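> sequence first, predicted coordinates after that:
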Amino acid sequence: MFTDRIKLKNKISIISALSKALIIAISVFIIPWLVNQMSIKDLDNQLIVSLDKTYGLVEQYGVEEFIKQGSDKQAFGSYNILKEEYISIEKVTDTTLFEEIDYSERAIEGETFEYRMISATFESKGSFYLIEIGKSINSIIAFQKLIKKFTFYFLLVLLAVTILFELLTTQYLLRPFGRIIERLKASDHPKNFDYTPVKTSTSDFKDLEENIHGLMRKIEHAFNEERDYISNISHELLTPISIIRTKLDNFINTTQLTDDETVKIIESKVTLGRLTKMVRTLLLLSRIDNEEYLLADQVNLNELLGSLATDFQEHFEQKNQEFELRIPDEPIYIQGNRELLHILFFNLVNNAIKYTPDGGRIMVQLFSESDTPVVEIVDNGIGIPEENLPNIFTRFKKFQESGNNFGLGLALVKKIVDYLHFNIKVFSKPREGTRFVIRCKL
């Protein structure tokens, strides 16, 4: 998934931004509603105060003082010039006393206005009167729209500021973590790991760094022990192998042997040759691990690959295999180690010969792609099942029964590729062949 590739600091910023956006979305609707409720409550309080004042005036001057001003002598009404407030007193026949506040519409001079109105009845000298006091809610609606607009823009600016602030602070706080990760990525060998403490005041990062340093030291110690063990055991094995080979040669030269005995001794020598090859490969792996090879040679790839045809000419003839070499006219040079490059391509071509049937075809191709030298070794041999492809560079991983397969050839190839900072890919299908693609570093 896409989110699997997002860095921690960006995930924190995204989560924070989403949470704030949710808060803003809620606030844009909640705040105006709250303001509206508070405005209505305040308006209701004003209506109650106005009603109390009206009661006071009626009690002081008498209701007749207001009623007689009405045109029909039964009611009194008054509006301000903007029609924002009005008051009316009229005589009613209903003897029920009540007080209530509600919304009401009034048509005034051909226009309809909506008011928040308090209605109340009272008794005076045996008659009942209805008082209605209203205030226009247009001001509330306008104020609500203004608050909603202001809230939206204010929260939007606040969101941008807080996201920027949190992004900067998150990057600052997680910078030590990023440096720890960078050091792990930059370390291609345990002994090259940078143990310099990262400056941080966060105890979690300090604990993480201490644990990583401890693990890296253990890995380096174990790596050195394994490397020394392989190197020592390989040197120790070569001596007895050489002695056994010499004694077998002397035994053949000085003893009358039957054909069956001779075959058995020859088979023993072949086995010793395989063992010698494996030991030398282990030594080579150990030397690469020790970084003993300098990468200072200017190597002509055209010439190097051209020599493979000569090296394997006898093998191609024995298996009646067709070998094709495609190289450009212009020589392509790369910086590396000539010996390692020769071993790399030698092993790949040898592997292709081994797993390509008699009469098969092998092709080595050199070309440049986006200014990067690319070498392809292609065969139409038995191929590799898809489930085995991820493990073909693993040491001693054996998928095909073969007397010459000790599981180190392709492991050595991968080790050299990594040491030279190349890239290698494998494409293969059973019974269709295999294609190795090596992208070289200039």
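Now that the structure is in, tell me what you want to look at.

> report the buried residues of stretch 219-238.
Buried residues in stretch 219-238, counted by 16 or more other CB atoms under 10 Å: 230-231, 234, 237. Glycine gets a C-beta too; all of them are placed from N, C-alpha and C.

> again with stretch 22-31
Quick answer for stretch 22-31 (16+ other CB under 10 Å): 24, 27, 31.

> of the buried residues of stretch 219-238, closest to residue 294?
Nearest to residue 294 among the buried residues of stretch 219-238, counting by CB to CB, is residue 231 at 18.9 Å.

> what strand or helix carries that closest one?
If you go by DSSP states H and E, residue 231 is part of helix 203-254.

> picking up where we left off before, redo the buried residues of stretch 22-31 as TSV? Include pLDDT and distance to residue 59.
Formatted as TSV, the buried residues of stretch 22-31 follow (pLDDT from 0 to 100; distance: CB to CB, whole Å):
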residue	pLDDT	distance to residue 59
24	73	52
27	73	47
31	74	42
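
> follow-up on the earlier one: show the subsequent helix or strand relative to the helix holding residue 231.
helix 259-289.

> buried ones in that following helix?
For helix 259-289, by 16+ other CB under 10 Å, it's 265, 272, 275, 278-279, 281-286, 288-289.

> now stretch 329-349
So, applying 16+ other CB under 10 Å, buried residues of stretch 329-349: 332, 334, 336-337, 340-349.

> what's the answer for stretch 141-151, then?
The neighbour-count check on stretch 141-151 (16+ other CB under 10 Å) flags 144, 147-148, 151 as buried.

> got CSV for those, with pLDDT and secondary structure too?
Output for these, formatted as CSV (pLDDT from 0 to 100; DSSP: H, G, I helix; E, B strand; the rest coil):
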residue, pLDDT, secondary structure
144, 70, helix
147, 73, helix
148, 72, helix
151, 73, helix
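
> among those, which two are most distant?
So, these by CB to CB: farthest apart are 144 and 151, at 10.3 Å.

> any residues in contact with both of those two?
Common contacts of residue 144 and residue 151 (CB atoms under 8 Å, 6 or more residues apart in numbering): residue 32.

> elements contacting the one helix or strand residue 298 maps to?
Using DSSP H and E, residue 298 falls within strand 297-300. Contact here means 3 or more CB pairs under 8 Å, 6 or more residues apart in numbering; DSSP states H and E; on that basis strand 297-300 packs against strand 333-336, helix 338-354.

> between these, which gets nearest to residue 169?
Closest to residue 169 of these is strand 333-336 (CB to CB; 44.4 Å).

> give me the residues contacting the closest one.
295-301, 373, 420, 440-442.

> scan those residues and report the most crowded one.
residue 440 (23 neighbours; other CB atoms under 10 Å).

> confidence score at that residue?
For residue 440, the model assigns a pLDDT of 91.

> wouldn't it be in contact with residue 376 here?
No. Look at residue 440 against residue 376 with CB atoms under 8 Å: they stay out of range, at 11.6 Å.

> so where is the chain shaky, pLDDT-wise?
1-10, 28, 68-75, 77, 79-82, 139, 143, 396-407, 442 (pLDDT under 70).

> how about the helices in it?
Here the chain has its helices, by DSSP state H, at 8-61, 64-67, 138-186, 203-254, 259-289, 301-311, 313-318, 338-354, 409-419.

> mind putting those helices in a markdown table, distance to residue 388 included?
As requested, those are exported to a markdown table (distance: least, CB to CB, whole Å):
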| stretch | distance to residue 388 |
| --- | --- |
| helix 8-61 | 36 |
| helix 64-67 | 104 |
| helix 138-186 | 29 |
| helix 203-254 | 25 |
| helix 259-289 | 21 |
| helix 301-311 | 26 |
| helix 313-318 | 25 |
| helix 338-354 | 14 |
| helix 409-419 | 11 |
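
> between the ones you listed, which gets nearest to residue 99?
Closest among these, using CB to CB: helix 8-61, at 7.5 Å.

> mind checking the longest strand of the chain?
strand 111-124 (DSSP state E).

> other residues contacting that one?
Strand 111-124 is touched from outside by 40, 43-44, 47-48, 50-51, 55, 58, 62-63, 83, 86, 92, 94-107, 128-138, 140, with contacts defined as CB under 8 Å, 6+ apart.

> try stretch 340-347
By CB under 8 Å, 6+ apart, the surrounding residues in contact with stretch 340-347 are 284, 288, 293, 299, 301, 304-305, 307-308, 311, 364, 375, 377, 409-410, 412-413, 416-417, 419-420, 438.

> then stretch 355-374?
Contacts of stretch 355-374 from elsewhere in the structure, counted by CB under 8 Å, 6+ apart, are 301-302, 305, 308, 316, 319-328, 332, 334, 345, 349, 352-353, 375-382, 400, 433-434, 437-442.

> would you list the buried residues of helix 259-289 in CSV and tack on distance to residue 179?
As requested, the buried residues of helix 259-289 are exported to CSV (distance: CB to CB, whole Å):
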residue, distance to residue 179
265, 62
272, 52
275, 47
278, 42
279, 42
281, 38
282, 37
283, 37
284, 36
285, 32
286, 32
288, 29
289, 27
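
> residue 182: which of those residues is nearest?
So of the buried residues of helix 259-289, ranked by how close each gets to residue 182 (CB to CB), first place is residue 289, at 23.6 Å.

> tell me the contacts of that closest one?
223, 227, 415.

> before we move on, the earlier item: please enumerate residues in contact with the strand holding residue 298?
331-338, 341.

> let's go with 6 Å and repeat that
Applying CB atoms under 6 Å, 6 or more residues apart in numbering, the contact partners of strand 297-300 are 331, 333-334, 336-338, 341.

> brilliant, that's me finished.
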